[in-house]
Structure formats: C-alpha cells, structure tokens
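*Asks:* Provide a 3D model corresponding to the input given below.
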Amino acid sequence: MLDNGKSAPLFCLKDSEQNKVCLKDFRGAWVVVYFYPRDNTRGCTLEAQDFTMNLKNFKKLNCPVIGISPDSVSSHQKFVEKYKLKLILLSDPEHQVLEKYQVWQKKKMYGREYWGVVRSTFLINPQGKISYVWTKVKVPGHVDEVLDTLSEKIS
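*Replies:* The predicted model follows:
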C-alpha cells in the first residue's frame, strides 16, 4: 500500500454530473479520498451517508471529500439522487486510479476469489502527500476517525 509521506498519485475522473475532477485542482487544501466497492450496497451507502452528514465539518476545515468506485457515472448519478448525497463521487470503471492507489486487489469470499476494491481512505495534505491511510475500513465510526485525524493534523 501507499505509505504516509509519499506523493498521492494524481488522477482525473468524471463525477456524477459528467464533470472532469482532478486531484491537482485541490492542491493547497487537505483532501479525503475514499475508495469503496459499489454503489447501493449496505456498507457503501452507510459510508456515503455518514460522509454526507459530516460534510459541513470537513468543509469547516477546508477539506473536500471524494469517493471513488468502479461504478459508472450513471450509477453514481442515481446513487447521489436516491440518497441525496453531497459528495464528489468519481467513476473509475477501468480501475486505473484504483490500481494506482493499490486498492484493486484479489479478494476471497466463501472460497471464491475475485478482484475488487478494498475499502480504503487516504488523507492527502495540501502539498499533495499522503498524510494518513486507512485500509480494510469498517464503516461504523470511520468518518469520525477521519475527521478526528484531520483535526489533529491541522492543529
């Protein structure tokens, strides 16, 4: 996995409105980039809702929150509308960014192996360096932990 202090891999992907969003556009601000497996699944929905409910706290700290999954732009659009999400959700169906961040991995469930997203979150500092990494994230309490870590890093 990518470690603290390394440069965050740059990317440009389309959001739920078909706009191109690039990491370099956020230089000078802290950024949370979280990777999740799939729109409209229980854990992914809870995580997106939790980030949305806490978005004002991230905005107070000048920290945008970006979610990335392999879902299509239209899937993200429906997901955002259905749950009234306020996040930037980016589509990476070719897994290019997922692979750069090393979160596209071979997984195993019920004896079956398959490729998928390992739920992970990266806190990127204003200089574009990775400041903190959470891997194999469990959704309950995760957003609070990210917010607490961001607050500690800023103060």
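*Asks:* and the residue nearest the centre of this structure?
*Replies:* Tyr34 (1.6 Å; Cα atoms, centre = their mean).
*Asks:* now it, nearest residue through space, not along the chain?
*Replies:* Nearest residue to Tyr34, sequence neighbours excluded (Cβ to Cβ, 6 or more residues apart in numbering): Thr121, at 4.2 Å. Where C-beta positions appear, they are placed from N, C-alpha and C, glycine not excepted.
*Asks:* same deal with Val73?
*Replies:* Distances taken as Cβ to Cβ, 6+ apart put Ser91 closest to Val73, at 4.7 Å, once the chain neighbours are dropped.
*Asks:* model confidence over the helix or strand hosting the residue nearest to the centre of the chain, on average?
*Replies:* Tyr34 is part of strand 31-35, with elements assigned from DSSP states H and E. Averaged over strand 31-35, pLDDT sits at 98.
*Asks:* which strands and helices sit next to that strand?
*Replies:* In terms of contacts (3 or more Cβ pairs under 8 Å, 6 or more residues apart in numbering; DSSP states H and E), strand 31-35 is packed against helix 42-53, strand 65-69, strand 120-124.
*Asks:* quick one: contacts of that strand?
*Replies:* 8, 23, 47, 51, 58, 63-69, 98, 101, 103, 117-124, 137, 146, 150 (Cβ atoms under 8 Å, 6 or more residues apart in numbering).
*Asks:* now the buried members of those residues.
*Replies:* Neighbour-count burial (16 or more other Cβ atoms under 10 Å) is assigned, among the contacts of strand 31-35, to 8, 23, 47, 51, 58, 63-69, 98, 101, 103, 117-124, 137, 146, 150.
*Asks:* could I get the one helix or strand in the chain whose mean pLDDT sits lowest in CSV with only the CA atoms?
*Replies:* Sorting the helices and strands of the chain by mean pLDDT, DSSP states H and E puts strand 104-109 at the bottom, at a mean of 87. What follows is strand 104-109, C-alpha atoms only, in CSV (Å, rounded to 0.1, in the frame of the first residue of the first chain):
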residue,chain,number,x,y,z
TRP,A,104,-7.9,-3.0,-6.6
GLN,A,105,-6.9,-6.4,-5.1
LYS,A,106,-7.7,-10.1,-5.3
LYS,A,107,-10.3,-10.8,-2.6
LYS,A,108,-11.7,-14.1,-1.3
MET,A,109,-15.3,-14.7,0.0
